[in-house]
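Colleague: pasting the structure only:
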């Protein structure tokens, strides 16, 4: 039984109800309705065109290379809805899934069709579509979107093997994150909103040096070699997904410090596609114009190298986009709230919500720069999109047509 | 008899008046006051410290090289107050003075101490202080500021001779415009507000070519020679006045067209000194930060080369200043009102007043660029300054001190 919320038209209904009523229907001949906690069955006077209603899962796709801040992003996103994301209780300890009250995040590595040994034997990387089962990915995302639980495989990142599946219940928001959320056209069609985290090669290199060389003792040569080895497949299969994303977050070296190669100060660009339903791009001061803004000055003092915002229209893979860019580092709370107060279309529920979220997670990576700032904003935008989608599905009287 | 408006302190006066009363006073022993159209004489209970009151003239200084848009500026300024500026009626037809209801503009060339022949004999230019009588300039500006008429000489630009003087009555606003309004420290002290029109050499040259070569048939060499001849004295005596100006309007070649030397598209900077009483600098979007803004985009379409605004704090001759810059040309009314609507502290009396003034005088030179735009804004700022000055002088009960 599917549950629908239907608005009937007060002037035409013989039932006399003029408020929102829950209607339970079984077939095309009769319908049951609930009023004052009593159930009634009536022959139906209307054809009720009805989607899966409030219960339909909103699906978000997040594409990025491995180790590019996806998990931080997910923690920021789930935090916006309240409650922390945790692995499924009592299940496989190596599960890649994260579940919170509203959101379930599944890792698309779970749809690897080849395990580590299999990939080695066939000479394909995990980036190669041949190492991934897009039919299963499509079937399962579609089922979840329709409100049906699925038995999803688990790719064990520790062992490199495919573990027995885990049951995933349809959540309010399903996030599919990984290498290929927008690769397969059928999966792409299921996405209500899509994101691409685009880390430039320079920054990727600086980060890998920090992590693999300084923390794990790898050599500079081995890091270079591993990046080079991934590049052809990355360029062929991952990178092209950018063109389909509703928002691309580009992470680039700073332009505030000449010839900087430390990767500590970042220039982050939020490329927002125009014309996406339920998504209004964030803007600075004057929508649709081109602006650069250095907030540091007489009212706000920032330490070197300061903060610079840029905003303006552009095209990206042939699409109209609006770009908001932040270069630099936040030193203090007052810089955050100052910046927030000058941005519009943030989809906050109260003044300062972006700043509050940022402060709540100031220990997360990227909290003092554009990655954390834009991830937080995107979290709020997704909440807004989710709420609008649900409202549009439950509150569409136009969908009810007379026989 | 001087007329003062005095606010007495209601709780201390024995007269019981608690509203604004006009008090006429003759000496230190008694004062007359008017109430319900009857005059009374009383021994005075207070020493009334009193300036010349509402009738004191506000003095504005405008410095610029000759032929740099001063007369256009004056026409824009007087228009803000309503009514056109005209030469004194029935006087010397070669008078340089312009009089409107509120404003009298006198040309400082009238204080030349040497006429054309005299300058030639002594080998000094009109730019040289030795060709100008600063003692007389000071005496007469001071007298006018105090509300006393003066017999001001007339320098006849046609004959090059000093003509018999004309009577100048003290106006509400006196504008002294010419080469040296801020050169003499005593005159400078009399200024309530000062402006410097700073035309860059490149633009000056392009304008002179347009006027003297194309319209008057002079040769390129003679234009170059005349500019070069003026340069040493200009740099020595005129240019240094910039440092004293409350506002400098700089006119530069555009940066929107690479290597432009036509001088048709201009980059105009309004350099506004901080901390000037009754003058709050105009700002764009966010006061005190650094901003560039290209309003042309999705909402506003501009033709080539577009319009670019820049705004931000700076220092200028050791003073804190705020700079607002416009590069480009206005094509249409909607661009003007769009720009106006995003600027703050414009001192307009209603929404769109800058645009209205610009449209009223669209035939004036510079109406489609930053010179006209900023001149109009400065006109409104001067009106505001005038009104604040008058209000502060008439409404200062603190000036009344008990014996």
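Modeller: Done, it's in. Note that this is a predicted model, so its numbers are computed, not measured.
Colleague: all contacts plus neighbour counts: C-alpha atoms, from now on.
Modeller: Fine.
Colleague: Write out the residues of the stretch 251-400 of chain A neighbouring chain B.
Modeller: A:285, A:287-300, A:313 (Cα under 8 Å from any Cα of the partner chain).
Colleague: Which residue, other than its chain neighbours, is closest to residue A:366?
Modeller: Sequence neighbours aside, residue A:372 is the residue nearest to residue A:366 in space, at 4.6 Å (criterion: Cα to Cα, 6 or more residues apart in numbering or on different chains).
Colleague: mind listing the strands for the stretch 101-250 of chain A?
Modeller: In the stretch 101-250 of chain A, strands defined by DSSP state E, counting those that start in this stretch lie at A:103-107, A:150-155, A:162-168, A:173-178, A:193-199, A:247-253, listed in chain order.
Colleague: Generate TSV for the ones you listed, with distance to residue A:388 as supplementary columns.
Modeller: Shown next, in TSV, are these (distance: least, Cα to Cα, whole Å):
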stretch	distance to residue A:388
strand A:103-107	16
strand A:150-155	26
strand A:162-168	25
strand A:173-178	13
strand A:193-199	13
strand A:247-253	18
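Colleague: would you turn the ones you listed into JSON lines with mean neighbour count and mean pLDDT?
Modeller: Converted to JSON lines, the strands of the stretch 101-250 of chain A look like this (neighbours: other Cα atoms under 10 Å in any protein chain shown; pLDDT from 0 to 100):
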{"stretch": "strand A:103-107", "mean neighbour count": "24", "mean pLDDT": "94"}
{"stretch": "strand A:150-155", "mean neighbour count": "20", "mean pLDDT": "96"}
{"stretch": "strand A:162-168", "mean neighbour count": "16", "mean pLDDT": "95"}
{"stretch": "strand A:173-178", "mean neighbour count": "25", "mean pLDDT": "95"}
{"stretch": "strand A:193-199", "mean neighbour count": "24", "mean pLDDT": "96"}
{"stretch": "strand A:247-253", "mean neighbour count": "24", "mean pLDDT": "96"}
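Colleague: quick revisit: what residues are up against the residue nearest to residue A:366?
Modeller: A:73, A:358, A:364, A:365, A:366 (Cα atoms under 8 Å, 6 or more residues apart in numbering or on different chains).
Colleague: same thing with residue A:358?
Modeller: A:367, A:372, A:373, A:376.
Colleague: before we move on, what about residue A:127?
Modeller: Neighbours of residue A:127 in contact, by Cα under 8 Å, 6+ apart: A:179, A:233, A:234, A:237, A:238.
Colleague: Using neighbour counts, trim these to the buried set.
Modeller: For these, a burial check counting by 16 or more other Cα atoms under 10 Å in any protein chain shown picks out A:179, A:233, A:234, A:238.
Colleague: now, the most widely separated pair of these?
Modeller: Greatest spatial distance in the buried ones among the contacts of residue A:127: A:179 and A:233, 11.1 Å, computed using Cα to Cα.
Colleague: What is the neighbour count of residue A:362?
Modeller: Each residue near residue A:362 was counted by other Cα atoms under 10 Å in any protein chain shown, and the total is 13.
Colleague: does the closest residue to it other than its chain neighbours count as helix, strand or coil?
Modeller: Of all residues not flanking residue A:362 in the chain, residue A:368 sits nearest, at 7.6 Å (Cα to Cα, 6+ apart). Assigned state for residue A:368: coil (three-state reduction, DSSP: H, G, I helix; E, B strand; the rest coil).
Colleague: do you know how far residue A:368 is from residue B:252?
Modeller: 40 Å (Cα to Cα, to the nearest Å).
Colleague: for residue A:225, same thing?
Modeller: For residue A:225 relative to residue B:252 (Cα to Cα), the value is 53 Å.
Colleague: what does residue A:179 give?
Modeller: 52 Å.
Colleague: try residue A:316
Modeller: From residue A:316 over to residue B:252 (counting by Cα to Cα), the distance is 35 Å.
Colleague: ditto for residue A:386
Modeller: 52 Å.
Colleague: And for residue A:74?
Modeller: 51 Å.
Colleague: what do you get for residue A:148?
Modeller: Residue A:148 is 68 Å from residue B:252, by Cα to Cα.
Colleague: what do you get for residue A:303?
Modeller: To residue B:252, residue A:303 is 33 Å away according to Cα to Cα.
Colleague: same thing with residue A:391?
Modeller: 55 Å.
Colleague: now do residue A:349
Modeller: From residue A:349 to residue B:252 the distance is 47 Å (Cα to Cα).
Colleague: can you check residue A:256 too?
Modeller: Relative to residue B:252, and taking Cα to Cα, residue A:256 is found at 27 Å.
Colleague: And residue A:190, by the same measure?
Modeller: 56 Å.
Colleague: One more: residue A:91?
Modeller: Residue A:91 sits 71 Å away from residue B:252, going by Cα to Cα.
Colleague: how about the helices in the stretch 301-403 of chain A?
Modeller: Along the stretch 301-403 of chain A, counting by DSSP state H, counting those that start in this stretch, helices occupy A:333-341, A:353-360, A:370-394.
Colleague: Quick check, residue A:297 in contact with residue B:289.
Modeller: Yes: contact status for residue A:297 versus residue B:289: in contact at 4.9 Å, counting by Cα atoms under 8 Å.
Colleague: So for these two, which residues contact both of them?
Modeller: Residues touching both residue A:297 and residue B:289 (Cα under 8 Å, 6+ apart) are residue B:313.
Colleague: Among the two, which residue is more densely surrounded?
Modeller: residue B:289 (21 against 16).
Colleague: Do I have it right that that one meets residue B:322?
Modeller: No: when contacts are counted by Cα under 8 Å, residue B:289 is not listed as touching residue B:322 (9.7 Å).
Colleague: Name the residues contacting each of these two.
Modeller: Residues touching both residue B:289 and residue B:322 (Cα under 8 Å, 6+ apart) are B:311, B:312, B:313.
Colleague: Can you sort out which of those residues also neighbour chain A?
Modeller: residue B:313.
Colleague: of all the shared contacts of residue B:289 and residue B:322, which comes closest to chain A?
Modeller: Of all the shared contacts of residue B:289 and residue B:322, residue B:313 has the smallest distance to chain A: 7.2 Å, by Cα to the nearest Cα.
Colleague: burial of that closest one, as a residue count?
Modeller: The number of residues near residue B:313, taken as other Cα under 10 Å, comes to 22.
Colleague: which residues does the nearest residue to it once chain neighbours are set aside contact?
Modeller: Of all residues not flanking residue B:313 in the chain, residue B:322 sits nearest, at 4.4 Å (Cα to Cα, 6+ apart). Going by Cα under 8 Å, 6+ apart, residue B:322 touches B:271, B:272, B:273, B:274, B:281, B:288, B:311, B:312, B:313, B:314, B:315.
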